[in-house]
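Enquirer: Let me see the structure of the following:
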Amino acid sequence: MKHIFTISLSFLALSLSAQVDCPNTFDNNSDGAVTINDLLDLLVVFGDSDTDSDGIWDSVDDCVNLAACNYDNDPTEACNYIDVLGVCGGGCEGDSDNDGICDSEDDCVGVLDECGVCNGPGASEVVIESITLLYDSVYAPEIDFWFVYETGADTTFSYECPPEFVTCGDQIDHEGYSYSTVLIDDQCWFSENCRYLPTVSPSSASSTSSPYYYVYGYEGTDVTAANTTTHYDTYGALYNWPAVMTEGICPSGWHIPSDGEFTQLTDFLGGENVAGPSMKSTYAWISNANGSNSSGFTGLPGGYRYYGGFVNNGSAGYWWSASASGSNSWERGLHGGNNVIRYGTFRFNGFSARCVRD
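Expert: Purely as a prediction, here's the structure:
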């Protein structure tokens, strides 16, 4: 409610009617009219003001900020501001995909693919069911002839979608490969190594800041050739730490596990000193070091890339975590014994990777 001032201004109006051509000493803002704003300006001398010029003294006005979208509304309202959706006082802080739905309320921050998956990879196959050609015609009376011409085509598609991941233990498709999964405690893990391989480098190439991808034993740069090797088929790819931190390595809704998530895994399996056999695969380990794989983790001895060479295939496996350890990063290693070894190691090393569900 606007405050109504009871101080009479009738004598000012009489003065104006008698001296319309003379400057009015009560027209403080010189706008040619004596209004409530002039009175408010006059009352400044009594210790009050009207900062936002809305006709309400600041002493009884709860919003005097001109940047507010309600500064001249009910004086008992606190200031509100226009949010990212253009709503006064709406409170929405973000609409990343510009779809008019606040991110906090949006079921999909991004784009639904043809299979209805948010930011999904799309259909595994697109099938053209039918094509109907569309025609129109025009009559030329001068030559008594109808011209028929094609105006377009109506094409009907169907989509073959990858199976939807519902329960841990189902397979999850990513980058053209279907990964098996396993539930360990309340964590859902890939039960095989990541195969994401956008590029490939020889073991002599390395960096602590730029991503590098390797396939054990392969010293070329041809991704197609690397994909056909037995090592890639069995053990997947190896990554330096910058590569394992790229977005494409895990499907949407999955991530590289943190150091803490690895600790949760080994604690559930009895601790780092005894968890090795239950995490190790039942095959591929040399010197009778196969595990029981009772957890279903299926840890293979994929070896690693170190100082310009590939080493330890058959005798050790290493997996990156997403957690930093100073200028290094944490990883987990399986060897011939029963323990799981936790290292804070150089980021140029090339290790295997697993994904865990968000």
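
Enquirer: For the spatially most central residue of the chain, give its distance to Cys188.
Expert: Among the residues of the chain, the one closest to the centroid is Val109, at 7.9 Å (Cα atoms, centre = their mean). Note on Val109: its distance to Cys188, by Cβ to Cβ, to the nearest Å, is 22 Å. Quick note: C-beta positions are derived from backbone N, CA and C, even for glycine.

Enquirer: what do you get for Val244?
Expert: Per Cβ to Cβ, Val244 is found 19 Å from Cys188.

Enquirer: Over to Val356?
Expert: The gap separating Val356 from Cys188 is 7 Å, by Cβ to Cβ.

Enquirer: now swap in Thr221 and tell me
Expert: In terms of Cβ to Cβ, Thr221 sits 34 Å off from Cys188.

Enquirer: So those two - more neighbours on which side?
Expert: In this view Thr221 and Cys188 are compared by other Cβ atoms under 10 Å, and Cys188 has more residues nearby, 22 against 12.

Enquirer: from the middle of its chain, how far away would stretch 142-152 be?
Expert: In terms of Cα atoms, centre = their mean, to the nearest Å, the centre of stretch 142-152 is set 54 Å apart from its chain centre.

Enquirer: Run through who's touching it.
Expert: Residues outside stretch 142-152 that contact it (Cβ atoms under 8 Å, 6 or more residues apart in numbering): Leu133, Leu134, Tyr135, Asp136, Ser137, Val138, Tyr139, Ala140.

Enquirer: swap in stretch 87-99?
Expert: For stretch 87-99, contacts defined as Cβ under 8 Å, 6+ apart pick out 69-70, 80-85, 101-104, 106, 108-111.

Enquirer: Now the phi/psi pair for the residue nearest to the centre of the chain, please.
Expert: Recorded main-chain torsions at Val109 are phi -90, psi 90, according to degrees, to the nearest 10.

Enquirer: Met279 is in contact with Gly299, correct?
Expert: Yes - look at Gly299 against Met279 with Cβ atoms under 8 Å: they come within range, at 4.5 Å.

Enquirer: which of those two has more neighbours?
Expert: Neighbours were counted for Gly299 and for Met279 using other Cβ under 10 Å; Gly299 has more, 30 against 24.

Enquirer: who touches that one in this structure?
Expert: Met279, Lys280, Ser281, Gly291, Asn293, Gly317, Trp319, Leu334.

Enquirer: For those, could you give me JSON lines that also reports pLDDT, secondary structure and distance to Asp61?
Expert: JSON lines is the format used below for the contacts of Gly299 (pLDDT from 0 to 100; DSSP: H, G, I helix; E, B strand; the rest coil; distance: Cβ to Cβ, whole Å):
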{"residue": "Met279", "pLDDT": "98", "secondary structure": "helix", "distance to Asp61": "67"}
{"residue": "Lys280", "pLDDT": "98", "secondary structure": "strand", "distance to Asp61": "72"}
{"residue": "Ser281", "pLDDT": "98", "secondary structure": "coil", "distance to Asp61": "73"}
{"residue": "Gly291", "pLDDT": "97", "secondary structure": "coil", "distance to Asp61": "73"}
{"residue": "Asn293", "pLDDT": "98", "secondary structure": "coil", "distance to Asp61": "71"}
{"residue": "Gly317", "pLDDT": "98", "secondary structure": "strand", "distance to Asp61": "69"}
{"residue": "Trp319", "pLDDT": "98", "secondary structure": "strand", "distance to Asp61": "62"}
{"residue": "Leu334", "pLDDT": "98", "secondary structure": "strand", "distance to Asp61": "69"}
